[in-house]
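Q: Structure of the sequence below:
(7 chains)
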Amino acid sequence: MSYDRAITVFSPDGHLLQVEYSMEAVRRGSTVVGVQGKDCVILAVEKRAIAKLQDARTIRKIVSVDDRTVLAFAGLTADARVLVNKVRVEAQSYRLTMEDAPSVDYLARYLAKIQQKYTQQGGVRPFGIATLVAGVNDDDKGKRPFLYQTDPAGTHSRWKAQAIGGRNAKSLREFLEKQYQDLNEDELTETKCVRLAVQALLEVVDSGAKTMEICVIREGGIKEMLKEEAVQVVVDEIEAEQQEEKRGPSGSD
Amino acid sequence: MSYDRAITVFSPDGHLLQVEYSMEAVRRGSTVVGVQGKDCVILAVEKRAIAKLQDARTIRKIVSVDDRTVLAFAGLTADARVLVNKVRVEAQSYRLTMEDAPSVDYLARYLAKIQQKYTQQGGVRPFGIATLVAGVNDDDKGKRPFLYQTDPAGTHSRWKAQAIGGRNAKSLREFLEKQYQDLNEDELTETKCVRLAVQALLEVVDSGAKTMEICVIREGGIKEMLKEEAVQVVVDEIEAEQQEEKRGPSGSD
Amino acid sequence: MSYDRAITVFSPDGHLLQVEYSMEAVRRGSTVVGVQGKDCVILAVEKRAIAKLQDARTIRKIVSVDDRTVLAFAGLTADARVLVNKVRVEAQSYRLTMEDAPSVDYLARYLAKIQQKYTQQGGVRPFGIATLVAGVNDDDKGKRPFLYQTDPAGTHSRWKAQAIGGRNAKSLREFLEKQYQDLNEDELTETKCVRLAVQALLEVVDSGAKTMEICVIREGGIKEMLKEEAVQVVVDEIEAEQQEEKRGPSGSD
Amino acid sequence: MSYDRAITVFSPDGHLLQVEYSMEAVRRGSTVVGVQGKDCVILAVEKRAIAKLQDARTIRKIVSVDDRTVLAFAGLTADARVLVNKVRVEAQSYRLTMEDAPSVDYLARYLAKIQQKYTQQGGVRPFGIATLVAGVNDDDKGKRPFLYQTDPAGTHSRWKAQAIGGRNAKSLREFLEKQYQDLNEDELTETKCVRLAVQALLEVVDSGAKTMEICVIREGGIKEMLKEEAVQVVVDEIEAEQQEEKRGPSGSD
Amino acid sequence: MSYDRAITVFSPDGHLLQVEYSMEAVRRGSTVVGVQGKDCVILAVEKRAIAKLQDARTIRKIVSVDDRTVLAFAGLTADARVLVNKVRVEAQSYRLTMEDAPSVDYLARYLAKIQQKYTQQGGVRPFGIATLVAGVNDDDKGKRPFLYQTDPAGTHSRWKAQAIGGRNAKSLREFLEKQYQDLNEDELTETKCVRLAVQALLEVVDSGAKTMEICVIREGGIKEMLKEEAVQVVVDEIEAEQQEEKRGPSGSD
Amino acid sequence: MSYDRAITVFSPDGHLLQVEYSMEAVRRGSTVVGVQGKDCVILAVEKRAIAKLQDARTIRKIVSVDDRTVLAFAGLTADARVLVNKVRVEAQSYRLTMEDAPSVDYLARYLAKIQQKYTQQGGVRPFGIATLVAGVNDDDKGKRPFLYQTDPAGTHSRWKAQAIGGRNAKSLREFLEKQYQDLNEDELTETKCVRLAVQALLEVVDSGAKTMEICVIREGGIKEMLKEEAVQVVVDEIEAEQQEEKRGPSGSD
Amino acid sequence: MSYDRAITVFSPDGHLLQVEYSMEAVRRGSTVVGVQGKDCVILAVEKRAIAKLQDARTIRKIVSVDDRTVLAFAGLTADARVLVNKVRVEAQSYRLTMEDAPSVDYLARYLAKIQQKYTQQGGVRPFGIATLVAGVNDDDKGKRPFLYQTDPAGTHSRWKAQAIGGRNAKSLREFLEKQYQDLNEDELTETKCVRLAVQALLEVVDSGAKTMEICVIREGGIKEMLKEEAVQVVVDEIEAEQQEEKRGPSGSD
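A: Numbers count the residues shown, from 1 in each chain, chains lettered A, B, ... in the order given. You can find the predicted model right below:
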């Protein structure tokens, strides 16, 4: 009853309640899906609760960390801005010191380290966000991009596909696992990845391309935000198929 | 029951209660309306509870941040003074360092960053204010001004039109959305914008130009506080129309 | 029930209870009245609970801030001394740095800024005082003095006439508003102002010039404490009139 | 119920409870009486609870601050030592910097400032003492000494006569006021002042010169501790008179 | 009831509850087994709860500290990252200062020292991890590696075989003790050690090489992560034997 | 009920409970008696609860502060060590700076100042000891030693004879007062003082010289610890007399 | 009920509960026995709860402080490591500064000082250990070693024989006192001392040399850990005698 008031204290069963509550804040955020392809990573974000008069550009949940690294977050927007600023400064500082761009692995580690720090020291609360980070590792010759995740506890890990944020993150993760089963990673072209990410988001959003933001990170960390029309095409395809499936047993590709 | 006493602590369902309570302080403040036109931004503030003998000039809720940037706030006046001072110092410092004026986007970000900081560190409480900021972004060739919002949580975003403060901010937002539906942004002249802003405020204030303060920010960040008489003219027009509408079905422009 | 223990914390309805309690300390202080004339400001203070053997000079509630600025306070005397010292040091420092005297506007802002600071940071309590400040603004060619108010929350504002401190501050404010209605500011000579201030204080004090302290701030910030006899003359006049009024319907000036 | 635990916090009705409790510590101390004469100040202290084997010199409640300034305190002895040390250091530092002795007004202000500081900042408690300070102000040509008081709240004021400490301080104050009524200040010779101070103390102490300590501060701040015999003479006189008064109606001087 | 809220406080029976709660966090982690052979150390970790799409490489629980030192941990992953970073920095700093590699004994001591520090000072919580560390001590001529353990309390010790983390660590320890009874340390070849570690893990994991990670540290601190196939061979052998044992009484080697 | 938890806080009736509780720790300590003679001071300490195998020398309650100053304490031994170290450092520092030995008055003041400091600042508790200090004041021509006392509140005072520590300190003080009545201070030779101190201690200790430690401080601050045999002689004398007194009415010296 | 939560606070009856609770942690530790001989000191420690696979060398409770000083502790092992490190650094620093080895008295004092510091300052808890320290004092010509004790409160003292830690420390102390009665210190050869220490430990341990660790500190501070076989010989002798005693009345040496 009182273990949750102090910040850096264990409960008798070994939990850090403040960290778990901050994960609840992530769960209350919008859904973010990441999919790793053979030569790309897709980050797809639910544009939940966008006010009609709000300029979507300033509330983006997909932001650049560096030339070659992109971050999508779920949770408290204000916390995210601060954490993103910290990692951006680190990225620039790394470039200056090392005369090289930081790898996505380095930046994901850095994000996790900062997040952990806010769970162990007094006088601060944990960051109320989880992130998916996509970018290039220097030791990858092909400059193929990879997908990482960090959470409020300060852990980081690499994923083939992952969903964070939202009440249905867990079932989305199962959806992704199920989809991946039947897939050969080498066949995972950009088109298939986008389709998979959109398909996942459609499980939680009401409808259409307007409620999604899709970013493609290609070889060498080159990124592109998909236009709404392009996303709509994918959405239409999927919905058409789902209609067909309902009508009768037909095969998907 | 006790989650709201500590400053930087999450509740079990992932809320930062102190931040939410500070938003309540914003709701207890007066209403501020911002409207984006094709080449201007209008900031309109309710002059609530102005004592008869008080000099209106010293309690203005619309203040300059920089040559080309104007800020209107809702919430605790004393907190606003402090936050405004901080952003003014930053604006000047930016000018000295960069030999250029800061963009409204930069200043809104800065405001939000400061506000977030006061939600995560111990020993301080969040700022009890939300702001609407209007100004010019340097990358806009036309020097067209834009409208931003920041809140106690430390988020910032751009809006076509927005209302903050007051118990009816939500319904005002809906009113603005409804009005905007029928409008083409390129047709949104200054006159139309002022009219829209006044119309919105008239939903919450009792009557007349005396209870309003209207600021027009034009291309290049040039600002003008409208005279009471000019506002009264608009008020009279709107009220006349509303009278007409009541009498019988007649068309608005 | 517990929101009032922590210093810098919001209550669920957006109040800063410590600030409101400190305003209660102001209300428990003696009454201070300020009146703005066409070329003067009057500060009038209730000398409540003066012990017979106490030297009135050392417990003055009207004190100099600078050559041209006078401050009257309501609330905790010890807190006032500290705040007055801070603003005096600032005034001197301003003179040294700027080679000019600070305006009353600048000093009122400074007072409010210090007072706000003590409401947002941990480890301190708010100042338990409100102030009325009278002085000259440099940009006023006529060197006409003006009247400002600051409160424990850290707000500051300019007034034509204002009353702070005491249980009846609110009704006094209404009294002043009523009196001002019938007055033309340009006709507000020093004599009329003094009379108005004394009249206001007589609403709350038991009797006579001994329970009042009156300070006149003239053009250029020149100040004069009125002698008890001079005040008594005004008191007598007012009481005579009031007697007359009671006896039958007669006109006031 | 809980407002009194935190140090620098207001109660809902605007009280600083810790300050009021520290005044209770003063009330639990011994009585101190100060009397201002036409060319002297008398400080008289009750020597309560003096152990038979204790050396009275080391527990004096009347101490020198400077060449020309004397301080008597009521309340916690250990706190007094610390506060006296602080003001002594200030007095010496003043002499070094200003090449002049500090006035009693300056030193009383300094004492009050230190005492206030301990009521507003966290991590410390208020000083549990009140003081009467007697000394010379430089601007007094006649070098006539004056009497000041400071209390745990950090207020300071000048008095013609004052009593602090002890359960009966309030009634003593009334006694002094009553006595002063019939007196012309210019007639208040040293003899009369001493008599008045002793008379006051006799209201609270059981008997005799042994339970009193009397200090006379003369023009220029020259001080003298009265010998026990000298005090006994005054005591005997007063008691003789009181006997007479009881026997029949006879006039006092 | 309240002893567990404060961080660095003893309970009446001499327990440090926060430390014991952090050990609960270790118990909630996955199982780690360490086995000391005649010229090697085996670290074996349960890969519990590995998501299907997660890249196992980034969530490794066996990490390098230095060229010749390997660490496996049980407990909070984020805490482990931070502690591992600290010991890595220390190892590098040691190399620079001493121009020699730190011994495993030195590094285990360092880990324990950091962990203890977080149990005695205010404002931080203990680290929620226990570690097994394997590496070379410089004073060992044969450069034979050794096995150390550290826990959240900050103790460190050397072991022939040890199990940490998981609900069954205690019974695993008993299993290891039983197995060691019949063994001559000089006969403990790498093959036998790996077999013993796998056997131990099979007591707690459901099945197969996929749920295990095995690291061999050889003479001179040379380390090798066993391939999944190699582990599977061992698993198959053990399971075959167990089948045989069930069928009838047959001898194991 | 809760006033005793916070360190530097007053209770509603003006008590500093932590200070009073620390005095309870003094009362739980062993008894210390100090007696001032015409040319000497005697410090006598009860050697309570001395374990049979403990080396009495390391648990002495009478320790040197300086060449000419001796301190005896009652209360927490560990606290005493720390306080004694502080005063020893001060004594040495004084010698270096002033090129003279500090007087006992100076050192007693210093002890009291340190003890007071620990009652007013946050984050520390009061020292749980009282002290008797004996030594020479430089302004005493005869170099006669004097007796001072300090307590946890931070007061200090000079005594002819005093008892601290133990449950019976108060009755011992009365015993000393009674004995002193019949004595002429000029007749108080070293022999008589030692006898008086031993007599006092015999009121609280069970028996014999083994339970006492006696230190004589002579002119110039020269000190001597009495041998157990010498003390036994005094004890035997006193007990013989007491036997005699019981048998019949006989006169003591 | 609440006095035990705060660290540096007295209870109403003058106890420092945190210190007493930390002594409970010592009582929960293993037993340590120290015996002073005519030219040696024996430190004997119970090896309680040694896991079968644990390397006894890394969990030793007898450690070197300096060339000539040995420390044995009872209580929290992690705390002991930290305290031992502190005293080791001090010993080295002493050597460098003084160009001489520190005496055991100096080091025991230093240990006690550190331990006391952790009982008076906020933000830390007391050390949960008691120590027995054996070593040489430089002023001893014979370079004979001595035995000291320190405890969590920060007291230190010298002993002829002492037992700390374990539930039966008190009865062991009585056993030692009883044994010492019949002994002449000059006859206490190393053999006799070892025998006495082993005899004492056998009162609390189940059996045999495996559950004991014995260290002999000889003249000049030369130390030797006894081999298990040597200890077993002593154990066997004692047990043989005890058997004999049971059988019939026979004399021990």
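
Q: drop to CA atoms for contacts and neighbour counts, all remaining ones
A: Noted.

Q: so how many other residues sit close to residue A:133?
A: 29 (other Cα atoms under 10 Å in any protein chain shown).

Q: what about the helices in chain A?
A: Ranges of helices within chain A are A:17-27, A:77-98, A:104-120, A:169-181, A:190-202, A:228-247, based on DSSP state H.

Q: Single out the most deeply packed of those helices.
A: Counting by mean count of other Cα atoms under 10 Å in any protein chain shown, helix A:17-27 has the highest mean neighbour count of the helices of chain A, with a mean of 25.

Q: could you give the angle of that one to helix A:169-181?
A: Per axes from the mean of the first three to the mean of the last three Cα atoms, to 10 degrees, the angle that helix A:17-27 makes with helix A:169-181 is 70 degrees.

Q: what's the pLDDT at residue A:51?
A: Residue A:51 carries a pLDDT value of 71.

Q: er, residue A:9 I mean
A: Reported pLDDT for residue A:9: 68.

Q: Now do the same contact list for residue A:229.
A: residue A:209 (Cα atoms under 8 Å, 6 or more residues apart in numbering or on different chains).

Q: what about chain A, any weak spots by pLDDT?
A: Scanning chain A for pLDDT under 70 picks out A:1-9, A:48-50, A:122-123, A:139-142, A:207, A:248-253.

Q: try 80 this time
A: A:1-10, A:12, A:48-52, A:55-59, A:120-124, A:138-142, A:181-185, A:206-210, A:246-253 (pLDDT under 80).

Q: give me the beta-bridge partners of the residue nearest the centre of it?
A: With distances taken as Cα atoms, centre = their mean, the residue of chain A nearest its centroid is residue A:132 (3.1 Å). Beta-bridge pairing for residue A:132 (DSSP bridges): residue A:72, residue A:149.

Q: Run a quick neighbour tally on residue A:156.
A: Residue A:156: 28 neighbours (other Cα under 10 Å).

Q: Look up how far residue A:199 lies from residue A:177.
A: Using Cα to Cα, to the nearest Å, we find residue A:177 at a distance of 13 Å from residue A:199.

Q: on that earlier part again, next up, the contacts around the residue nearest to the centre of chain A.
A: A:32, A:34, A:43, A:71-73, A:147-150, A:164 are the contacts of residue A:132 under Cα under 8 Å, 6+ apart.

Q: Output the residues you listed as CSV; include the columns neighbour count.
A: Converted to CSV, these look like this (neighbours: other Cα atoms under 10 Å in any protein chain shown):
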residue, neighbour count
A:32, 31
A:34, 33
A:43, 31
A:71, 24
A:72, 27
A:73, 31
A:147, 31
A:148, 27
A:149, 28
A:150, 25
A:164, 30
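
Q: quick one: which of those residues is nearest residue C:154?
A: Using Cα to Cα, residue A:73 is the member of the contacts of residue A:132 that lies nearest residue C:154, at 37.6 Å.

Q: what about the residue nearest to the closest one when sequence neighbours are not counted, neighbour count?
A: Leaving aside its sequence neighbours, residue A:73 sits nearest to residue A:131 (Cα to Cα, 6 or more residues apart in numbering or on different chains; 4.3 Å). Using other Cα under 10 Å, residue A:131 has 28 other residues around it.

Q: Surely residue A:131 touches residue A:74?
A: Yes - using Cα atoms under 8 Å, residue A:131 is in contact with residue A:74, at 6.4 Å.

Q: shared neighbours of the two, anything?
A: residue A:164.

Q: Excluding its own residues, what touches stretch A:85-92? List them.
A: Contacts of stretch A:85-92 (Cα under 8 Å, 6+ apart): A:65-66, A:101-102, A:107, A:110-111.

Q: got the residues of the stretch 51-200 of chain A near chain G?
A: Taking Cα under 8 Å from any Cα of the partner chain as the test, the list of the stretch 51-200 of chain A residues beside chain G is empty.

Q: Can you pull the residues of the stretch 51-200 of chain A lying near chain B?
A: A:52-59, A:77-79, A:81-82, A:123-125, A:128.

Q: ok, 6 Å please
A: Residues of the stretch 51-200 of chain A lying near chain B by Cα under 6 Å from any Cα of the partner chain: A:53-55, A:58-59, A:78, A:123-125.

Q: Spatially nearest residue to residue A:64 (excluding sequence neighbours)?
A: Per Cα to Cα, 6+ apart, closest to residue A:64 is residue A:70, 4.5 Å.

Q: List the contacts of that neighbour.
A: Neighbouring residues of residue A:70 by Cα atoms under 6 Å, 6 or more residues apart in numbering or on different chains: A:63-64, A:133-134.

Q: out of those, who's nearest residue A:157?
A: Closest to residue A:157, out of all of those and judged by Cα to Cα, is residue A:133, at 10.1 Å.

Q: Contact partners for that closest one?
A: Residue A:133 neighbours (Cα under 6 Å, 6+ apart): A:70-71, A:147-148.

Q: What of residue A:21?
A: Going by Cα under 6 Å, 6+ apart, residue A:21 touches B:10, B:12, B:14.

Q: switch to 7 Å and redo it
A: By Cα atoms under 7 Å, 6 or more residues apart in numbering or on different chains, residue A:21 lies in contact with B:10-14.

Q: now residue A:190
A: By Cα under 7 Å, 6+ apart, the neighbours of residue A:190 are A:37, A:40.

Q: 10 Å instead?
A: Residue A:190 makes contact with A:35-42, A:196, A:216-218 under the criterion Cα atoms under 10 Å, 6 or more residues apart in numbering or on different chains.

Q: Widest-spaced pair of those?
A: Spatially, the most separated pair among those is A:196 and A:218, at 16.3 Å (Cα to Cα).

Q: Make a markdown table out of the helices of chain A and add distance to residue C:157.
A: Below are the helices of chain A laid out as a markdown table (distance: least, Cα to Cα, whole Å):
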| stretch | distance to residue C:157 |
| --- | --- |
| helix A:17-27 | 40 |
| helix A:77-98 | 32 |
| helix A:104-120 | 41 |
| helix A:169-181 | 52 |
| helix A:190-202 | 53 |
| helix A:228-247 | 50 |
